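K.L.:
got a predicted model here, sequence first, then my questions.
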Amino acid sequence: MIRAVVFDVGECLLDESREWDGWAAWVGAPRHTFSAQFGAMIAQGRDPMEALRLFRPEFDLAVEREKREAVGEHEWFGENDLYADARLTLKLLRASGLTLGIAGNQTKRATDILRRLFAGYVDLVGSAETMGVAKPDPRFFEILIHSLRMDPREILYVGDRLDEDIRPATALGLRTALIRRGPWGLIHQHHPDADALPTMRIDGLRELTDRVAKHNENHPGNSY
């Protein structure tokens, strides 16, 4: 049975549009031009940071984040940046008795924001910075498994990317849900692995309550 659901952050719970708009403005990139280059990088399977380096060749995310902090442009997001189905889905899954977590390639500051936003909803909030390792490194998912103290097959990881979410999580035995939204989700949905790898494919988070319940009906008890 699925006993825990862990959510990726960007384009799963959080709409990152405003975040990327901020970076485009920071490097002086016209919004439309940056969006086109950003999409092209994702479609080619390249690091989207390369889109920023077209406008600022020496761009380094950690360095530039420090520069923005120094001038008062702190990393932040709030309730209005969450996808509309995020909070209700967590509430319903929590009410059904599932253990819930959030873990993605975010900073410690983002982790603190997530803890405040979802206080009382989740049992675990982690990030690449607080865990000391980033996806798709398998150690990221090994830490999740260890923290939850469950068989990996009892954990469902929900993400929008095949490369950073679904493939590495599946390789370690976790159940996975691929969500079709955000730039990666819409592009990766056409890849053959999008049908072959995930336990389930969803268009929105609200589908999870029924999908998890149906999965557990078909896997009564702990048969592992």
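P.N.:
Received it, and whenever you're ready, just let me know what you need.
K.L.:
quick one: average confidence on the one helix or strand residue 62 maps to?
P.N.:
Per DSSP states H and E: residue 62 is located in helix 61-70. The predicted model assigns helix 61-70 a mean pLDDT of 96.
K.L.:
which parts of that helix are buried?
P.N.:
Within helix 61-70, the residues scored as buried using 16 or more other Cβ atoms under 10 Å are 64, 65. Where you see a C-beta, it was placed from the backbone N, CA and C, and this is true even at glycine.
K.L.:
could I get the buried residue list for the helix or strand following it?
P.N.:
Using DSSP H and E, the helix or strand that follows helix 61-70 towards the C-terminus is helix 86-95. Applying a neighbour-count criterion of 16+ other Cβ under 10 Å, one finds 86, 87, 89, 90, 93, 94 buried in helix 86-95.
K.L.:
now distance to residue 8 and pLDDT too, for the residues you listed, in TSV please.
P.N.:
Listed next are the buried residues of helix 86-95 as TSV, based on distance: Cβ to Cβ, whole Å; pLDDT from 0 to 100:
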residue	distance to residue 8	pLDDT
86	11	98
87	16	97
89	13	98
90	13	98
93	15	98
94	18	97
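K.L.:
export those as TSV, with columns for distance to residue 101.
P.N.:
Output for those, formatted as TSV (distance: Cβ to Cβ, whole Å):
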residue	distance to residue 101
86	14
87	15
89	14
90	10
93	11
94	11
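K.L.:
which two from those end up farthest apart in space?
P.N.:
For those, the farthest-apart pair by Cβ to Cβ is 86 and 94; their separation is 12.5 Å.
K.L.:
tell me the domain boundaries of this protein?
P.N.:
4-15+78-218, 17-70 (automatic domain parsing).
K.L.:
how distant is the last one from the center of its chain?
P.N.:
A distance of 19 Å separates the C-alpha centroid of domain 17-70 from that of its chain, computed with Cα atoms, centre = their mean, to the nearest Å.
K.L.:
first-to-last residue distance for that domain?
P.N.:
End-to-end distance of domain 17-70: 23 Å, with Cα to Cα, to the nearest Å as the criterion.
K.L.:
I'd assumed residue 163 was in contact with residue 191.
P.N.:
No. Assessed by Cβ atoms under 8 Å, residue 191 is found out of contact with residue 163, at 9.5 Å.
K.L.:
how far away is the residue lying closest to residue 156 once chain neighbours are set aside from residue 140?
P.N.:
Spatial nearest neighbour of residue 156, chain neighbours left out: residue 175 (4.3 Å); criterion: Cβ to Cβ, 6 or more residues apart in numbering. According to Cβ to Cβ, to the nearest Å, residue 175 and residue 140 sit 16 Å apart.
K.L.:
and if you look at residue 51?
P.N.:
For residue 51 relative to residue 140 (Cβ to Cβ), the value is 24 Å.
K.L.:
what ranges in this structure fall below the confidence cut-off?
P.N.:
In the predicted model of the chain, residues 221-224 satisfy pLDDT under 70.
K.L.:
helices of that one, residue ranges please.
P.N.:
Remark: helices assigned in the chain by DSSP state H are 17-26, 31-43, 49-53, 61-70, 86-95, 108-117, 128-131, 138-148, 167-171, 182-188, 193-196, 207-218.
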